[in-house]
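S.K.: Provided below for reference: sequence and predicted model.
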Amino acid sequence: GAGVSQSPSNKVTEKGKDVELRCDPISGHTALYWYRQSLGQGLEFLIYFQGNSAPDKSGLPSDRFSAERTGGSVSTLTIQRTQQEDSAVYLCASSLRVDQETQYFGPGTRLLVL
Amino acid sequence: DAKTTQPPSMDCAEGRAANLPCNHSTISGNEYVYWYRQIHSQGPQYIIHGLKNNETNEMASLIITEDRKSSTLILPHATLRDTAVYYCIVSPRYGNKLVFGAGTILRVKS
């Protein structure tokens, strides 16, 4: 079956521009998670959704970062006024429920801010 | 901060068992041990998890010490495709947020 998909796979943008990253979770999965992985760094939790609500936004690094999820499915991570330190791979994962132990990860979006 | 300690890298001969250790001396009673791996340029992949009993699935076995302060992931017959970064994570069953450390780079060599 289809796994988690993310688009675009690669994004190059100029400093100061806004970007939108999209995640399509596995069909029927109610929980959705965003992580990022900077070059040479580990994976860093950003935010998770249960349905359309985001109980935990603690990992968002600044108010330039926001995320939404509509219809309990697709999620968009938006970065406003991008900075060079935002360059990273942004990974999305989904699980059947928040209390379900296995998170299934997508291939990620590789963001480069020039 | 990650609550686990793993060796930065390990080598294993193809066809041999790969034993990856993890220390989690501050693990709480409600926390599980999870293992994920990340093959180059891919998203992480779930391998196995356990609470206190040893676990086995089609990918690997997980051995947790009686005091739960450490564990070992065993890949019984490593192949070149098992070359990856392996992450040991402790998290509550309903914790939803995975906290990744640096992991162990496993290199399987022919």
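M.R.: Noted; the coordinates are in hand.
S.K.: Report the buried residues of the helix or strand where residue A:21 lies.
M.R.: When elements are defined using DSSP states H and E, residue A:21 is found to belong to strand A:19-24. With burial defined by 16 or more other C-beta atoms under 10 Å in any protein chain shown, the residues of strand A:19-24 counted as buried are A:19, A:21, A:23-24. Where C-beta positions appear, they are placed from N, C-alpha and C, glycine not excepted.
S.K.: residue in chain B nearest to chain A?
M.R.: Scanning chain B for proximity to chain A using C-beta to the nearest C-beta identifies residue B:43 as nearest, at 3.1 Å.
S.K.: Setting aside sequence neighbours, what's the nearest residue to the residue of chain A found nearest chain B?
M.R.: Taking C-beta to the nearest C-beta as the measure, chain A has residue A:105 as its residue closest to chain B, at 3.1 Å. What sits nearest to residue A:105 in space, not counting adjacent residues and going by C-beta to C-beta, 6 or more residues apart in numbering or on different chains, is residue B:43, at 3.1 Å.
S.K.: residues in contact with residue 109?
M.R.: Chain wasn't specified; assuming chain A. By C-beta atoms under 8 Å, 6 or more residues apart in numbering or on different chains, the contact set of residue A:109 is A:6-11, A:21, A:89-90.
S.K.: Sorry, I should have been clearer: chain B.
M.R.: Under the criterion of C-beta under 8 Å, 6+ apart, the neighbours of residue B:109 are B:11-14.
S.K.: returning to that earlier point: which strands or helices does the strand holding residue A:21 pack on?
M.R.: The criterion is 3 or more C-beta pairs under 8 Å, 6 or more residues apart in numbering or on different chains; DSSP states H and E, and the helices and strands that strand A:19-24 contacts are strand A:5-7, strand A:10-13, strand A:75-79, strand A:88-95, strand A:109-113.
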